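**Student:** Could you work out the structure for the sequence below:
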Amino acid sequence: MAEEEDAVATTFADLGLRDELLGALTNLGYEEPTPIQREAIVPLIAGRDLLGQAATGTGKTAAFALPILQRLEDQRRTQAPAALVLVPTRELAMQVSEAMHKYGRGLGVRVLPVYGGQPIRMQLRALERGVDVVVATPGRAIDHLNRGTLSLDAVETVVLDEADEMLDMGFAEDLEALLEAVPDVRQTVLFSATMPPRLNGIVNRHLKEPERIEISRADVESAAGRVRQTAYVVPRASKPAALGRILDVEQPTAALVFCRTRDEVDTLTETLNGRGYRAEALHGGMTQQQRDRVMGRLRSGNADLLLATDVAARGLDIDTLTHVVNYDVPSSPESYVHRIGRVGRAGREGVAITLAQPREHRYLKTVEKITKQRITFEKIPTVADLRARRLDLTRAGLEESLLEDGDLDHFRVVVETLAENYDLMDVAAAAVKLAHEAGGVSVDEEEIPDASPPPKDRPARPAKPGKRPDANMTRIFVGAGRVAGVRPKDLVGAITNEAGLTGRDIGGIEIGDRFALVEVPSEAAEHVIKALRGTTIKGKKATIRRERFTTPRR
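**Tutor:** Numbering: from 1, shown residues only. You can find the predicted model right below:
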């Protein structure tokens, strides 16, 4: 499979981009074009019209920006723009403008964002000085056109980015007016997350024999079937803290964290190691020897987290993998499906977590529609959630020690001595506190801001780490954990083989150093317990019973 993927891999250099653009991409840390970029850049450089289905986060900005910059004449200094990019919002106008400026810095390209809410005098002065590319919202572009301050006579390329959203916002007439105002001989590019019938009129009137690029839906439905998919909407600045908090709650056996650039991989690896995780980096800037060393540490259990770019993670098959984390949203729904398909294999359940910025919420909704799989939007765990989760693990570990070790005589003397001067419950609570504090790093005291959008079609469900199973699920205690080499697939395999359940019947799995907790349907709990007591896990018999909850005294 890896050989097949490598055979179709394409670099930016293979797309025929000029050296100045390649240098800019290298400096930005981009290693490989996304699927939409691979398919769109070559025909766009050739001057063809293009109709593409691509949502926010797929890399479509570079897909149209790089060809526009490629085709600009060297030392172009005419006043009127050669390209007009129309976008639905001021935020997207600023984002696209900034990206084009970064890509075209080595070419001296003049890019101007034009949108409402900004003093028009600033825009007028920039237009008078002359620009190469105008990135505009339709309303403000029409305003300048009517004032006579924006000339479209020299436009060679028009891009309609997120065309469906512009129609939803009522810009249909403005788009028609702008498309009528540009020269007939031009290149027209239209990108849309969806292709509703109302777009057909624009396509038929204004695009000439366009290259059509659509996201493949083959194998999409089955790929995500066994994976629990969760998303958290997080401000960019809070992402590192949010990731640490989520990992603290999830406690993955091994996790693959995808980042967009190698610089981000290195920075986040350092941050997570500082938090107490055993994290390793993997990206295109590493030698094969370094890469092999990293993979060896992961497979031997000496590392918990692997942070990687898409190109570096190509072809990896990590047997112990339980979680995939999209630290940055994937470049396309295809990429999303490919990433999360790395877990949930061989009948075992996997977990896919995506950290999305507020503006990327709509893109994940598109992924849901295409994959036909629900992505549950959760709340970032609070400080209280995290403390409850860690206390739950501490309690389970102590309970396992009480049941399994039995050799407590050495410690009874200490307890009896302390009990002469202190309440026995206080002695026990102090011992639990010491065990709890020895089990991990201290909890962050600052809450992470909630950036979730207001609920529309369904409310976001808050995460409840450390909660009891719901009425339909029962948690089973297994007296073997990481020390014994137990992995989620071992537990799923034992339950499916011995008790006749399927992988999808099994709920959450939590593995501690010396125990594990597995959620199974309540009606099947006794059957599962009996079946597991009659078999071995990792070659050994283990204590199997229902998890016991204790009610704290008041």
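**Student:** What helices and strands are in contact with the lengthiest helix in the chain?
**Tutor:** When the chain is parsed with DSSP state H, its longest helix is helix 383-404. For helix 383-404, the packing partners by 3 or more Cβ pairs under 8 Å, 6 or more residues apart in numbering; DSSP states H and E come out as helix 239-250, helix 424-438, strand 473-478. All C-beta atoms are positioned from the backbone trio N, CA, C, and that covers glycine.
**Student:** For these, which has the smallest mean pLDDT value?
**Tutor:** Among the helices and strands packed on helix 383-404, helix 424-438 carries the lowest mean pLDDT, at a mean of 75.
**Student:** Using PDB, list the CA coordinates for it.
**Tutor:** C-alpha atoms of helix 424-438 as PDB (Å, rounded to 0.1, in the frame of the first residue of the first chain):
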ATOM      1  CA  LEU A 424      -8.400   6.400  60.000                       C
ATOM      2  CA  MET A 425     -10.300   8.000  57.200                       C
ATOM      3  CA  ASP A 426      -7.800  10.900  57.200                       C
ATOM      4  CA  VAL A 427      -4.900   8.500  57.000                       C
ATOM      5  CA  ALA A 428      -6.400   6.700  54.100                       C
ATOM      6  CA  ALA A 429      -7.200  10.000  52.300                       C
ATOM      7  CA  ALA A 430      -3.600  11.200  52.800                       C
ATOM      8  CA  ALA A 431      -2.300   7.900  51.300                       C
ATOM      9  CA  VAL A 432      -4.600   8.300  48.300                       C
ATOM     10  CA  LYS A 433      -3.400  11.800  47.800                       C
ATOM     11  CA  LEU A 434       0.300  10.700  47.800                       C
ATOM     12  CA  ALA A 435      -0.600   7.900  45.300                       C
ATOM     13  CA  HIS A 436      -2.500  10.400  43.100                       C
ATOM     14  CA  GLU A 437       0.200  13.000  43.000                       C
ATOM     15  CA  ALA A 438       2.800  10.300  42.200                       C
END
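**Student:** domain ranges for this structure?
**Tutor:** The chain breaks down into these domains under automatic domain parsing: 2-213, 220-381, 384-432, 473-546.
**Student:** For E447, find the nearest of those domains.
**Tutor:** E447 lies closest to domain 220-381 among the domains of the chain, at 8.3 Å (Cβ to Cβ).
**Student:** how distant is that closest one from the center of its chain?
**Tutor:** 6 Å (Cα atoms, centre = their mean, to the nearest Å).
**Student:** Centre-most residue in the chain?
**Tutor:** Residue closest to the average C-alpha location in the chain (Cα atoms, centre = their mean): N326, at 2.4 Å.
**Student:** quick one: secondary structure of the residue nearest to that residue when sequence neighbours are not counted?
**Tutor:** With sequence-adjacent residues excluded and distances taken as Cβ to Cβ, 6 or more residues apart in numbering, N326 is closest to T354, at 4.1 Å. Assigned state for T354: strand (three-state reduction, DSSP: H, G, I helix; E, B strand; the rest coil).
**Student:** ok, T354 touching A231?
**Tutor:** Yes: applying Cβ atoms under 8 Å, one finds T354 in contact with A231, separated by 4.4 Å.
**Student:** anything in contact with each of those two?
**Tutor:** Counting by Cβ atoms under 8 Å, 6 or more residues apart in numbering, the contacts common to T354 and A231 are 364, 375.
**Student:** If you count surrounding residues, which of the two has more?
**Tutor:** Using other Cβ atoms under 10 Å as the criterion, T354 and A231 rank with T354 on top: 27 against 24.
**Student:** And the more buried one, how far from I246?
**Tutor:** According to Cβ to Cβ, to the nearest Å, T354 and I246 sit 11 Å apart.
**Student:** before we move on, what about G23?
**Tutor:** 36 Å.
**Student:** which residues does the most far-flung residue of the chain relative to its centre contact?
**Tutor:** In the chain, counting by Cα atoms, centre = their mean, E420 sits farthest out from the average C-alpha position, at 55.4 Å. Listed by Cβ under 8 Å, 6+ apart, E420 has no contact partners.
**Student:** swap in E156?
**Tutor:** By Cβ under 8 Å, 6+ apart, E156 lies in contact with 71, 82-83, 183, 186-187.
**Student:** Top of those by number of neighbours, please.
**Tutor:** Using other Cβ under 10 Å as the neighbour criterion, A83 leads these with 28 neighbours.
**Student:** Wait, it touches V159, no?
**Tutor:** Yes: with contact defined as Cβ under 8 Å, A83 reaches V159; the gap is 7.2 Å.
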